[in-house]
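Undergrad: give me the fold of what follows.
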Amino acid sequence: MLSIVIPTLNEAARLPATLAALSMPAEGGGEAPEILVSDGGSRDVTTDIARGAGAQVVTGVQGRGAQLAAGAAAARGGWLLFLHADTRLAPGWRDPADAFMADPANRQRAGYGRFRLDDPHPRARRLEKRVAWRCRRFGLPWGDQCLLIGRDFYRALGGYRPLPLFEDVDLVRRIGRKRLVALDINAVTGAERFLQAGYRRRSARNLALLSLYLMGAPPAWLARLY
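TA: Residues are numbered from 1 along each chain as shown. The predicted model follows:
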């Protein structure tokens, strides 16, 4: 079984589209995935939306790393797919995911999606290309690209740590570039944060924070800057 873990915090506006995209079946049929929404204390109707869509709701402390870990702990599937609440998997995602899970060679690997933004402007395409290069060159896919990993491998790595920022980078660095596989899955993320801050400004800030993190800056301090 595939279990999909989605961390949330006041995501009522974006969660319905994310959940709707997950309901599309694979071409060959197959078992529907288990969906777990790991909520960090939403004050809107996020959890009501999740339950209405048939998802299991896990509640706990706020913080994406802790929420991802809590969702994984409650999941029953042998495979885990971690997905952000503002990221929609494009139609056809099940078939590449099923193919990855069916290959025994991938029991000690993890797959990640192709970063896409829901903005038609060429600046979005340029950013997508830079993200693809970062993944190929450094093996650093981020959480908004989704991550597909076997439960046993996830546990052997120690799972997500309760970090306030860069919990995704922390895990993929433990996986290692050679054990990361690019999947033929478009992970479409909302471009609002780039449109509000500006593409150059937001990208420069993300790069600066990542550089500081890789140099050893405490995630708690970086989270305040984020």
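
Undergrad: hey, where'd the helices end up in the protein?
TA: Using DSSP state H, the helices assigned to the chain run over residues 15-22, 46-52, 64-74, 94-102, 122-138, 151-157, 167-175, 192-197, 199-214, 219-225.

Undergrad: would you mind saying which of these lies nearest Asp39?
TA: Relative to Asp39, the nearest member of those by CB to CB is helix 46-52, separated by 5.5 Å. C-betas here are computed from N, CA, C, even on glycine.

Undergrad: show me which positions of that closest one end up buried.
TA: 46-47, 49-50 (16 or more other CB atoms under 10 Å).

Undergrad: give me the average confidence score over it.
TA: The average pLDDT within helix 46-52 is 97.

Undergrad: can you give me how far it is from the chain middle?
TA: Averaging C-alpha positions (CA atoms, centre = their mean, to the nearest Å) puts helix 46-52 19 Å from its chain's average.

Undergrad: which other residues reach it?
TA: With CB atoms under 8 Å, 6 or more residues apart in numbering as the test, helix 46-52 has contacts from 8-12, 15-16, 19, 35, 37, 39, 57, 59.

Undergrad: okay, and the helix or strand of the protein with the least pLDDT?
TA: The helix or strand of the chain with the poorest confidence is helix 219-225; it has a mean of 85 (mean pLDDT, DSSP states H and E).

Undergrad: which residues touch that helix?
TA: Contacts for helix 219-225 (CB under 8 Å, 6+ apart): 163-167, 209, 212-213.

Undergrad: name the nearest of the residues you listed relative to Asp119.
TA: Once CB to CB is applied, the member of the contacts of helix 219-225 that ends up nearest Asp119 is Leu209, at 21.7 Å.

Undergrad: are any of the contacts of helix 46-52 buried, and which?
TA: Here, 16+ other CB under 10 Å leaves 8-12, 15, 19, 35, 37, 39, 57 buried among the contacts of helix 46-52.

Undergrad: buried residues, stretch 96-107. List them.
TA: In terms of neighbour count (16+ other CB under 10 Å), stretch 96-107 has its buried residues at 96-98, 100-101, 106.

Undergrad: ends of that stretch, how far apart?
TA: 15 Å (CA to CA, to the nearest Å).

Undergrad: give me phi/psi at the nearest residue to Val61 once chain neighbours are set aside?
TA: Closest residue to Val61 apart from its sequence neighbours, by CB to CB, 6 or more residues apart in numbering: Gly40 at 6.6 Å. Main-chain torsions, Gly40, degrees, to the nearest 10: phi -100, psi 20.
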